[in-house]
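>>> Structure of the sequence below:
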Amino acid sequence: MKKWKPIVVVASLLLPLIAGFALTTTAQAATTATKTTTTTKKVKKAVKKSTKKPHHYLIVMGHGAGDPGARGNGTTEAKALRKVLLPQLRKYAKQVKHSKVTFYNPKKNLVSDTLYHHKGSYKINKHTTVIMFHLDAAGGQGGHVIIHKRHPNKRDKRLAQVIKKYIGLNRAYRGYSFRTDLHNCNVLRHRGIDYSLVESGFITSKHDYRNLKKHRAKLAKAYIEAITHENLNTKKK
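Here you go, the predicted model:
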């Protein structure tokens, strides 16, 4: 038995070292696993954030499909919106990078589609923001924004500033009006859909219509920026 004493002594000395090494290795493995889990969570979070769908804005030109809307200055509301404003809005909508901007078929009429065919506003996705463009009538001057709540949101305020700069605001409304007598808008409101109705001046006003045509490009660009809250780079490369 005496011959094995050195071996026993050595074994006794090595056991604590082996145990300590095992504990250290286990701790390191646990730390590595924790770091890996944290990194994985961050990566998943980043991927989830990057794959978030851009917000959808649906732009609607008022009237059309046999409904001329208001008349003035030798044209109609439906025709002026589609001939003067629509091409410019489409041009700048293509430059938007962080949102999705689409247009309601200009050959159709959102209001009549809603009222008579139970389509239109009834079929719009609830996560879509609807922006409707119109022109006023009956002898006034200046534009304003018809809002879906009693107080304007930030987008409404930006839109009103665009109107003020290029057309001029209707003094009667000071930029905004909250209305509940528009059936199509009521459908959107009851469905919980965010919207703004932009009255870009009076078609019966020579001042308003002249500014609409003169500033059509700047007006459309500013409208798209106000809607999406994104600055568009129009510099030529």
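>>> in this protein, which spans are strands?
55-61, 71-72, 75-76, 99-103, 129-136, 144-147, 176-178, 195-202 (DSSP state E).
>>> okay, those strands in TSV with mean neighbour count and distance to residue 153 next?
Quick note: C-beta positions are derived from backbone N, CA and C, even for glycine. Output for the strands of the chain, formatted as TSV (neighbours: other Cβ atoms under 10 Å; distance: least, Cβ to Cβ, whole Å):
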stretch	mean neighbour count	distance to residue 153
strand 55-61	20	14
strand 71-72	18	30
strand 75-76	18	31
strand 99-103	15	16
strand 129-136	23	10
strand 144-147	24	7
strand 176-178	15	10
strand 195-202	25	8
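>>> Reformat these into JSON lines and put distance to residue 228 next to each item.
Listed next are those as JSON lines, based on distance: least, Cβ to Cβ, whole Å:
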{"stretch": "strand 55-61", "distance to residue 228": "6"}
{"stretch": "strand 71-72", "distance to residue 228": "30"}
{"stretch": "strand 75-76", "distance to residue 228": "29"}
{"stretch": "strand 99-103", "distance to residue 228": "4"}
{"stretch": "strand 129-136", "distance to residue 228": "10"}
{"stretch": "strand 144-147", "distance to residue 228": "16"}
{"stretch": "strand 176-178", "distance to residue 228": "20"}
{"stretch": "strand 195-202", "distance to residue 228": "12"}
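>>> Could I get those strands in TSV, plus columns for mean pLDDT and distance to residue 188?
Converted to TSV, the strands of the chain look like this (pLDDT from 0 to 100; distance: least, Cβ to Cβ, whole Å):
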stretch	mean pLDDT	distance to residue 188
strand 55-61	98	10
strand 71-72	96	26
strand 75-76	98	24
strand 99-103	97	16
strand 129-136	98	6
strand 144-147	98	11
strand 176-178	96	14
strand 195-202	98	5
